[in-house]
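>>> I would like the atomic coordinates for the input below:
(chains A, B and C)
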Amino acid sequence: MGRLEVIYREAGQFKATYASDQAIFPIVQDRVVVVAIAVVAFVVPPLVAGEYWLQAILIPFLIYTLAAIGLNLLTGYAGQLSLGTGGFMAVGAYSAFKLTTAFPQLSIVVVFLLSGLVAAVIGLGFGIPSLRIKGFYLAVATLAAQFFLIWLFNKVAWFTNYASSGTITAPHRTLLGVTVTGPNASAAARYVMALAFVAVFALVAKNLVRGRIGRSWMAIRDRDIAAEIIGVRPLRTKLLAFGISSFYCGVAGAELVFLYLGSAETLAFDINQSFLVLFMVIIGGLGSILGSWLGAAFILMLPILLTNLPHAVGLTMSVALQKQIELMVFGGLILFFLIVEPHGLARLWQIGKEKLRLWPFPH
Amino acid sequence: MVDVVYAVLVAPFKDMAGSPAFLVEVLIGGVFAGLMYSLVALGFVLIFKASGVFNFAQGVMVLFAALTLVGLLERGVPVVLALALTTAVMVALAFAIERFVLRPLVNQEHIILFMATIGLNFFLEGFGEMLWGANVKKLDIGIPDRSFVVRGVQINELELTAAVTAALLVTLLAMFFQKTRIGRALRAVADDHEAALSIGIPLKTIWVVVWSVAGVVAIVAGLMWGAKSGVQFSLSLIALKALPVLILGGFESVPGAIVGGLIIGIGEKVGEVYWGPLVGGAIENWFAYVLALAFLLARPQGLFGEKIIERV
Amino acid sequence: MSRAEAGGPLLEVEGVSVRFGALIALNRVSLGVAREEVVAIIGPNGAGKTTLLNAISGFYHPYEGRIAFAGRDRTHLRPPDVAALGIARTFQNVALFRGMSVLDNIMTGRLLKMRGSFLLEALYWGPARRQELEHRAAVERIIDFLEIQGIRKTPAGRLPYGLQKRVELARALAAEPTLLLLDEPMAGMNVEEKEDMCRFILDVNQEFGTTIVLIEHDMGVVMDISDRVVVLDYGRKIADAPPAEIRSDRAVLDAYLGVAHES
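Numbers count the residues shown, from 1 in each chain, chains lettered A, B, ... in the order given. Predicted coordinates for the structure are as follows:
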């Protein structure tokens, strides 16, 4: 602890310019650490981590983080509750499948981005009612999106290229000579691709929320009437949030099939998916980009923990019981965080850091 | 083009006219489903009226009640005692929810409370299944699931009983709100928390009462639906169907919940049977939501809701 | 600059009526506010004071009468358009963005001064970054002016009431408005806070030439800082005169000070 305290000091770092005060990580140590983490994240796991870690934990973690950031922009920052995340992810996944099978030459990166755009357009459509309706009324509108979209993909065989199984399968695609999707893609390659996407888009999200756009979202969230009188146009602002959020969810949906599952049917995007991402956002912290990372990690690790913990202490637990405990823990945690710490894990993290900064003097 | 117009606008009605008995059967099926939606929606309305909380967990309360009832019956508890015990459990649940969820979140924004009930939803689902097991159960309350025929129309005895029970319950609740002192007090709370306090009813008590009543409504809904199609997880999904019902009926209107439920129930059955095949079927899954969405844009306050005047 | 814009009154309210269902909240109220004037609106509760401000800022639309700003009719504009004309306001019950820091609240006030460029903002690059820093500097000047340096990073919702009112004023000032509408800026403040607020309001008026319309209950404050006092009662205007004359106006005494008068 003693050494840490010496290292982690902001004393002497006076923020002389607004530029440094407006930076994402105002403390130099933080910046160094984050860059170091990013470098390590790109290099180490592909070399060190086994297939299981990459495939079962790290890849879904990165993909769900992207989706959670997307939902957090809409719900945490702009204050518009959406239960349609699964549906928008499905739009991304099916768009990516259609695009890449129709235009095999198209770079897979472009395919992902275009899929995000398609999801954004659909998201805009379902966001239009948000001008007239708020809160849980809007939640119902997004439920309509969820059920209608899933039904559509199920019923219209065109979306699956008339596959008799009704599934979409990620075809073989390469990027810079490396196979990144399809059955032959290595977990390491898929991991790096997912990481690159989430790293770039997390940064973009952070830039958006700390500037003009983020402030108008939060203004609408906190006090829509006061926001209007300042000049925030509610419809335009909310629609922008819907569009960008859906873009993120769409890309995440495409990644879910192409980089993680390999093939999927609509079941992979059902209403439970929407709730899962919502839980990540609530537990991680509403209105926090960092929280989206923490929330995704937490929600994905919890079932793994519940599976392995009883084994570790010599208990056996049926799969059904695990599932039930999982539900109870999820539900309980949602209540806990809403009541005790609405800013979620991100806030707990921050408090921990402040303690460390002031250590060993409590005040 | 003409073919499409014919298929959409003419053919379904010809089918209806061609076989009126079948149409009546479809309508009865719709009424039955609609009443079930109404029952769940009623639970929502009760809680929303009195506490302003939009209870997403209402559907799981239906499942939880049904699971408890079946669990008790399976262990050889007589029907009447099992019903009494289940009621006690639902009341205890109301106390617990008031103490551990509502009280700490009092004065929070609606959207936070709404999300809290989503948490409650998952907690109860896990808890109920852990207590009573997750496999599909047959709920046998002694009413045979058989049909009789009146003028060529098949009528299911169970559905008929359920419909009558639901209708009775709805009438009772409506009277409870209109005629009794506590019912009127509950309505007062919905309008103005302070006014309710000034007539001497603690908010806490009122919350426990409405959540208990919603729990009892959940028992009835669980009983009927469970007897019809077994007690299983899908029961909690009818809760989601209650959302569009509320949009149609308005969040604070008891008659609205009933009419909304019937519109959705009949609408989706008729839509499925006569128009569904045109688009590949299974429109029941989203019909209600899309109808509600369209409705929201035209009349956000619902059929019976009062026009919302936003104060600045 | 047209003649009307330069010479005429800045704000003209002509025979404006607002009603909610059967209730007539404002009944043919007319009011002119000259440039750089400080006008106080007083009246008993429910007299229609806040309704008048809401009509001016575009939340309610009058069913008769017209409202003109800088010589241009703007009766039917929505609030964001009203803001774009250079009208800012504060609210009776403080309408801060509670989850945002004081700094972000005030930065939001400069929204209309900022240029949108989605791509650059997403990258926080070049002009977007420069713009953000320029506005930050402007906001810091307001922070200094209102003496709230110490609470820059505090979430607005956690501030005591008096400071919240001050931050709300800062947010309105950030828009550099021509006309500032203040709805009970001193309600719930202690004497010291009121004195500070009075000083700020007068400074704003004198230093920036901002025209101010305020609703206030504290008669001492009203008499001190306003050039002219408008009295509303039951949705009608019953007096419109300099403070000294209002003090002795019979109708005003009956309507507004009636209770105190008799006792």
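>>> B:Pro255 and B:Phe177 touch, don't they?
No. Using C-beta atoms under 8 Å as the test, B:Pro255 is too far from B:Phe177 to be in contact (10.4 Å). Quick note: C-beta positions are derived from backbone N, CA and C, even for glycine.
>>> what about these two, which has more around it?
A count of neighbours by other C-beta atoms under 10 Å in any protein chain shown puts B:Phe177 above the other of B:Pro255 and B:Phe177, at 18 against 15.
>>> Would you mind measuring from C:Gly235 to chain B?
17 Å (C-beta to the nearest C-beta, to the nearest Å).
>>> C:Val231: what secondary structure?
State at C:Val231, reduced to three classes by DSSP: H, G, I helix; E, B strand; the rest coil: strand.
>>> contacting residues around the nearest residue to it once chain neighbours are set aside?
Distance criterion C-beta to C-beta, 6 or more residues apart in numbering or on different chains; nearest residue to C:Val231, sequence neighbours excluded, is C:Ala239 at 4.0 Å. Contacts for C:Ala239 (C-beta atoms under 8 Å, 6 or more residues apart in numbering or on different chains) come out as C:229-231, C:246, C:249, C:251-252.
>>> which residue packs closest to whichever residue of the stretch 151-300 of chain B sits closest to chain A, ignoring adjacent ones?
Of all residues in the stretch 151-300 of chain B, the one sitting closest to chain A is B:Tyr289 (3.5 Å; C-beta to the nearest C-beta). Excluding the flanking residues, the one nearest B:Tyr289 by C-beta to C-beta, 6+ apart is A:Ala144, at 3.5 Å.
>>> That neighbour should be in a strand, yeah?
No. Counting by three-state DSSP, A:Ala144 falls outside a strand, being helix.
>>> Quick one: residues contacting it.
A:84, A:126, B:244, B:286, B:289-290, B:292-293.
>>> Taking the centroid of chain C, which residue is nearest it?
Centroid-nearest residue in chain C: C:Leu181, 1.4 Å away (criterion: C-alpha atoms, centre = their mean).
>>> for that residue, helix, strand, or coil?
Following three-state DSSP, C:Leu181 is assigned to strand.
>>> how close does it get to C:Val213?
Computed as C-beta to C-beta, to the nearest Å, the C:Leu181 to C:Val213 distance reads 5 Å.
>>> same thing with C:Val33?
Applying C-beta to C-beta, the value for C:Val33 to C:Val213 is 6 Å.
>>> ok, now A:Val111?
Relative to C:Val213, A:Val111 is positioned 57 Å away (C-beta to C-beta).
>>> Which one's more surrounded, these two?
Legend: neighbour count by other C-beta under 10 Å for A:Val111 and C:Val213, higher for C:Val213 (27 against 24).
>>> ok, and what's touching the one helix or strand that one maps to?
C:Val213 belongs to strand C:211-215 when assigned by DSSP states H and E. Outside strand C:211-215, the residues within contact range by C-beta under 8 Å, 6+ apart are C:10-11, C:33-42, C:49-50, C:53, C:56, C:92, C:178-185, C:201, C:204-205, C:226.
>>> so which of those are also by chain B?
The overlap between these and the neighbours of chain B (C-beta under 8 Å from any C-beta of the partner chain) comes to C:Thr50.
>>> Over to the closest residue to chain C within the stretch 101-250 of chain B: give its phi and psi.
Chain C sits closest to B:Glu109 of the stretch 101-250 of chain B, with a gap of 10.3 Å, by C-beta to the nearest C-beta. Dihedral angles phi and psi of B:Glu109 (degrees, to the nearest 10) take the values phi -70, psi 150.
>>> check contacts around B:Ala242.
Taking C-beta under 8 Å, 6+ apart as the criterion, B:Ala242 is in contact with B:37, B:40-41, B:43-44, B:58-59, B:261.
>>> ok, now A:Thr316?
By C-beta under 8 Å, 6+ apart, the residues touching A:Thr316 are A:Pro310.
>>> Can you check what pLDDT the model gives it?
pLDDT recorded at A:Thr316 is 74.
>>> Please apply the same query to A:Ile63.
96.
>>> Neighbours of it, how many?
So A:Ile63, with other C-beta under 10 Å, has 28 neighbours.
>>> That one - nearest residue in space that isn't next to it in sequence?
For A:Ile63, the spatially nearest residue (C-beta to C-beta, 6+ apart) is A:Glu255, at 4.7 Å.
>>> State the distance from that neighbour to chain C.
20 Å.
>>> pull the CA atoms of the helix or strand encompassing that residue into PDB?
Assigned by DSSP H and E, A:Glu255 belongs to helix A:234-255. C-alpha atoms of helix A:234-255 as PDB (Å, rounded to 0.1, in the frame of the first residue of the first chain):
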ATOM      1  CA  PRO A 234     -36.100  17.600 -27.600                       C
ATOM      2  CA  LEU A 235     -37.000  15.500 -30.700                       C
ATOM      3  CA  ARG A 236     -33.700  16.100 -32.500                       C
ATOM      4  CA  THR A 237     -31.700  15.400 -29.300                       C
ATOM      5  CA  LYS A 238     -33.600  12.300 -28.400                       C
ATOM      6  CA  LEU A 239     -33.500  11.000 -31.900                       C
ATOM      7  CA  LEU A 240     -29.800  11.500 -32.100                       C
ATOM      8  CA  ALA A 241     -29.500   9.400 -28.900                       C
ATOM      9  CA  PHE A 242     -31.700   6.700 -30.400                       C
ATOM     10  CA  GLY A 243     -29.700   6.700 -33.600                       C
ATOM     11  CA  ILE A 244     -26.300   6.500 -32.000                       C
ATOM     12  CA  SER A 245     -27.400   4.000 -29.400                       C
ATOM     13  CA  SER A 246     -28.900   1.800 -32.000                       C
ATOM     14  CA  PHE A 247     -25.700   2.100 -34.100                       C
ATOM     15  CA  TYR A 248     -23.700   0.800 -31.200                       C
ATOM     16  CA  CYS A 249     -26.200  -2.000 -30.500                       C
ATOM     17  CA  GLY A 250     -26.300  -2.900 -34.200                       C
ATOM     18  CA  VAL A 251     -22.500  -3.200 -34.400                       C
ATOM     19  CA  ALA A 252     -22.500  -5.300 -31.200                       C
ATOM     20  CA  GLY A 253     -25.200  -7.500 -32.700                       C
ATOM     21  CA  ALA A 254     -23.200  -8.100 -35.900                       C
ATOM     22  CA  GLU A 255     -20.200  -8.900 -33.800                       C
END
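>>> so what's the nearest residue to A:Ala49 once chain neighbours are set aside up against?
Nearest residue to A:Ala49 in three dimensions, chain neighbours excluded: A:Leu58, at 6.6 Å (C-beta to C-beta, 6+ apart). Going by C-beta under 8 Å, 6+ apart, A:Leu58 touches A:45, A:49, A:191.
>>> Throw those into a markdown table and include pLDDT, secondary structure and neighbour count, thanks.
Supplementary listing: those in a markdown table, determined by pLDDT from 0 to 100; DSSP: H, G, I helix; E, B strand; the rest coil; neighbours: other C-beta atoms under 10 Å in any protein chain shown:
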| residue | pLDDT | secondary structure | neighbour count |
| --- | --- | --- | --- |
| A:Pro45 | 81 | helix | 20 |
| A:Ala49 | 76 | coil | 16 |
| A:Tyr191 | 92 | helix | 25 |
